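Undergrad: Okay, predicted coordinates and the sequence, questions at the end:
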Amino acid sequence: MTFLLYLLVGAFAGVLAGLFGIGGGMVIVPVLIFSFAAQGVSAEVLTHMAVATSLATIVFTSLSSVREHHRNGAIDWSLVRSMAAGIVIGTAAGVVLISEVPGPVLQNIIGVFALLLALKMFTGWEPPGKGERPSTAGLLSAGGVVGFGSSWFGIGGGTFTVPYLSWMRFSMRQAVATSAACGIPIALTGAVTNIIAGQGNDLLPEWSTGFVYWPAVLGIALTSVPCAQVGARLAHKLDAALLKKLFAVLLCVVGIRFIFF
């Protein structure tokens, strides 16, 4: 039953990854937290495991989503290259810091983030457009911020990257596609650093390498990869405004649960 849950979560997260460029992490992390708790995993490590495992699955989801977006010619690869070094540094630094945060505290932080993200998605707020491409140093710094924030919440970076690209007046289609490409270095760096950071922790269950739990990675990846392609196709055809509002309601429920219960 647990593995079936991972398959269902992967399908839902994959569609969201392709549709919104968010990597699916805000679906994966809460479900993994509840799943690990039900399996009796220690509260001190289960949230770290959920974040790390989510990042590992996003490697596969992002690759699938990027393939479809690239086929449609929507990715600005020069921008991805300019941000990549900052993304790697920021993600690695974030993982090192998060490994020292107690599990229950981290869960509260994720809950607050879920509520803020829900507010943004429900209102449809986007930053006013600047319309100027930043310098190389600016893109490097932006990549660092995106990577750092993503590593704390187990997400592919779209929550930060899409608004940033919208601010630069990229079309939503191109912002989502380019964000999905930025998710690859975030997920790879986050997964590898979490494997290193969790080494030697006696509280981790079997089938874990560091904080990454491989049965969950396998189950989620099996369905998220094909479903990410479905979501990417839908992103080029559908108005996602209603779906974003429904997803915002789900995030509110998650945020309240993590903070108050």
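TA: Thanks, I have it. None of these values were measured; they are calculated from a predicted model.
Undergrad: Run through the strands of the stretch 101-250 of the chain in chain order.
TA: 208-209, 212-213 (DSSP state E, counting those that start in this stretch).
Undergrad: so which of these is the most packed in?
TA: Comparing the strands of the stretch 101-250 of the chain by mean neighbour count (mean count of other C-beta atoms under 10 Å), strand 212-213 ranks first with a mean of 25. Every C-beta, even on glycine, is put in place using the N, C-alpha and C of the backbone.
Undergrad: Sheet-wise, list the partners of it with their directions.
TA: Under the criterion DSSP bridges, strand 212-213 sits next to strand 208-209 (antiparallel) in its sheet.
Undergrad: How far does the longest helix along the chain sit from its chain's centre?
TA: The helix that spans the most residues within the chain, counting by DSSP state H, is helix 43-71. The chain centre lies 6 Å from the centre of helix 43-71; the measure is C-alpha atoms, centre = their mean, to the nearest Å.
Undergrad: Quick one: list the elements packing against it.
TA: Judged by 3 or more C-beta pairs under 8 Å, 6 or more residues apart in numbering; DSSP states H and E, the packing partners of helix 43-71 are helix 2-20, helix 25-38, helix 77-98, helix 103-123, helix 136-153, helix 172-197, strand 212-213, helix 214-235.
Undergrad: tilt between the first one and helix 103-123?
TA: It refers to helix 2-20. 40 degrees (axes from the mean of the first three to the mean of the last three C-alpha atoms, to 10 degrees).
Undergrad: mean confidence score for helix 2-20?
TA: Averaged across helix 2-20, pLDDT comes to 80.
Undergrad: Likewise for the fourth one?
TA: On average, the pLDDT along helix 103-123 is 88.
Undergrad: before we move on, what about the longest one?
TA: The predicted model gives helix 172-197 an average pLDDT of 90.
Undergrad: before we move on, back to that, in the longest helix of the chain, what's buried?
TA: 45-66, 68-69 (16 or more other C-beta atoms under 10 Å).
Undergrad: okay, the angle between it and helix 103-123?
TA: Using the same axes, to 10 degrees: helix 43-71 against helix 103-123 is 40 degrees.
Undergrad: now helix 43-71 against helix 136-153, angle please.
TA: Going by the same axes, to 10 degrees, helix 43-71 makes 130 degrees with helix 136-153.
Undergrad: so helix 43-71 versus helix 214-235, what angle?
TA: 40 degrees.
Undergrad: and the direction of helix 43-71 versus that of helix 25-38, what angle?
TA: Using the same axes, to 10 degrees: helix 43-71 against helix 25-38 is 150 degrees.
Undergrad: quick one on the thing from earlier: and of the helices and strands packed on helix 43-71, who's closest to A241?
TA: Comparison of the helices and strands packed on helix 43-71 against A241 by C-beta to C-beta identifies helix 103-123 as nearest, at 9.7 Å.
Undergrad: Which elements pack onto that closest one?
TA: Using 3+ C-beta pairs under 8 Å, 6+ apart, helix 103-123 sits against helix 25-38, helix 43-71, helix 136-153, helix 241-260.
Undergrad: which one is G190 nearest to, not counting chain neighbours?
TA: Using C-beta to C-beta, 6 or more residues apart in numbering and skipping residues adjacent in sequence, the residue nearest G190 is L55, 3.6 Å away.
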